[in-house]
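In: I would like to see how this sequence folds:
(one chain, ligands or ions: 1)
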Amino acid sequence: MITADLKGKKALVTGAASGIGFGTAQLFARLGATVAINDLPGNPRLDEAVQAITAAGGRAIAAPGNVGDAEGAGAMVRQAAEALGGLDYLINNAAIPGTRSPIPPSDFDRQDEAFWLRLLSINQIGPYRCLKAAAPYLKASRGAVVNTASISGFGGGGSSSVYCSTKAAIINLTKEWAKALGPEVRVNAIAPGMVESDWECRFPEEDQAAGLKRMPLRRAGTPADYAEVMLFLCAGAGYVTGHTVVVDGGITC
Ligand SMILES: NC(=O)c1ccc[n+]([C@@H]2O[C@H](COP(=O)([O-])OP(=O)(O)OC[C@H]3O[C@@H](n4cnc5c(N)ncnc54)[C@H](O)[C@@H]3O)[C@@H](O)[C@H]2O)c1
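Out: Numbers count the residues shown, from 1 in each chain. Next up, the predicted model:
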């Protein structure tokens, strides 16, 4: 595990009550950063995440808000940045599959207008809303953004065609936003493969077993595996911007 001194740094992680987001918040706090933990208002895991980090000696505050809310997302970011006294890192991680089981590409009925609009608003426009509100703070600190994309954004399938398209958009927007916020702010992304988390969509056991069999590293990534690459892209990687790092145990190689 790489390390860095994040004392005095301020980070906002969206979707951080669980999985990759929580792992990233834990790592950044352990290294000295003060972390604003965003997740859905009313999610009991949000306060639990803050308490877990605080109990471990870290500094964390709750930043409840729905990134799918056009006005609320920006307000959440501004409140968090004001409470932290600035912002060095934005981890744009919150997203949903919107389904408990994978939807085949041919099943247009389950991918109706409401499904499209929900996933677009949370997975694609959500990160934009947060980035836009965070931009002045990040420019002032010469900070960094990491978006959570997915290997499904490169093709090869995922929980639905709609989900794949939102993640493809994040890979593309990472390039656009690197141009928008440079030279002060670097914007990169990670593309996770299999994740050990409470992700809503469950793939059939046989698909998971087949995936593990062809994956060179033969295991799903832990939140800590993904957090480490987030850390590299925030605290190091000073000449890297606009790029998406694939973190998938080699499943797509
Ligand atoms: N789990 C996977 O298989 C997988 C694979 C590739 C990419 N990803 C991506 O990784 C990221 C994190 O996923 P995870 O596996 O850690 O999932 P997770 O379900 O454990 O965590 C996601 C968190 O986001 C929160 N969230 C959902 N909607 C939100 C909203 N509108 N506003 C604020 N918070 C919201 C949830 O409450 C949850 O705590 C997502 O961007 C996801 O698309 C996941």
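
In: In terms of helices and strands, where is Ile53?
Out: For Ile53, the element it lies in under DSSP states H and E is helix 44-55.

In: Give me the buried positions along that helix.
Out: Residues 45-46, 49-50, 52-53 are the ones in helix 44-55 that count as buried (16 or more other CB atoms under 10 Å). (C-beta placed from N, C-alpha, C; glycine too.)

In: The ligand: which of these is nearest?
Out: Nearest to the ligand among those: Arg45, at 6.2 Å, using CB to the nearest ligand atom.

In: which residues in the stretch 151-253 of the chain form helices?
Out: Along the stretch 151-253 of the chain, the segments classed as helices by DSSP state H, counting those that start in this stretch run 161-181, 205-214, 223-235.

In: hmm, back to that, contacts for the helix holding Ile53, please.
Out: 16-18, 22, 25-26, 29, 35, 37, 39-40, 59-62, 64 (CB atoms under 8 Å, 6 or more residues apart in numbering).

In: next one: stretch 25-36
Out: With contact meaning CB under 8 Å, 6+ apart, stretch 25-36 is reached by 3-13, 16, 37, 49, 52-53, 56, 58-63, 80-81, 83-84, 88-89, 223-224, 227-228, 230-231, 234.

In: Could you rerun that using 7 Å?
Out: Residues outside stretch 25-36 that contact it (CB atoms under 7 Å, 6 or more residues apart in numbering) are 3-7, 9-13, 16, 37, 49, 53, 58-61, 63, 80, 83-84, 224, 227, 231.

In: just the buried members of the residues you listed?
Out: Neighbour counting with 16+ other CB under 10 Å marks 4, 6, 9-13, 16, 37, 49, 53, 58, 60-61, 63, 80, 84, 227, 231 as buried within the contacts of stretch 25-36.

In: So which of those residues are in strands?
Out: Of the buried ones among the contacts of stretch 25-36, the ones assigned to strands by DSSP state E are 10-13, 37, 60-61, 63.

In: is it possible to export those to JSON lines including pLDDT and distance to Val146?
Out: Shown next, in JSON lines, are those (pLDDT from 0 to 100; distance: CB to CB, whole Å):
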{"residue": "Lys10", "pLDDT": "98", "distance to Val146": "15"}
{"residue": "Ala11", "pLDDT": "99", "distance to Val146": "10"}
{"residue": "Leu12", "pLDDT": "99", "distance to Val146": "11"}
{"residue": "Val13", "pLDDT": "99", "distance to Val146": "9"}
{"residue": "Ile37", "pLDDT": "98", "distance to Val146": "16"}
{"residue": "Ala60", "pLDDT": "98", "distance to Val146": "18"}
{"residue": "Ile61", "pLDDT": "98", "distance to Val146": "20"}
{"residue": "Ala63", "pLDDT": "98", "distance to Val146": "17"}
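
In: Greatest separation within the contacts of helix 44-55: which pair is it?
Out: Leu40 and Arg59 (22.2 Å; CB to CB).
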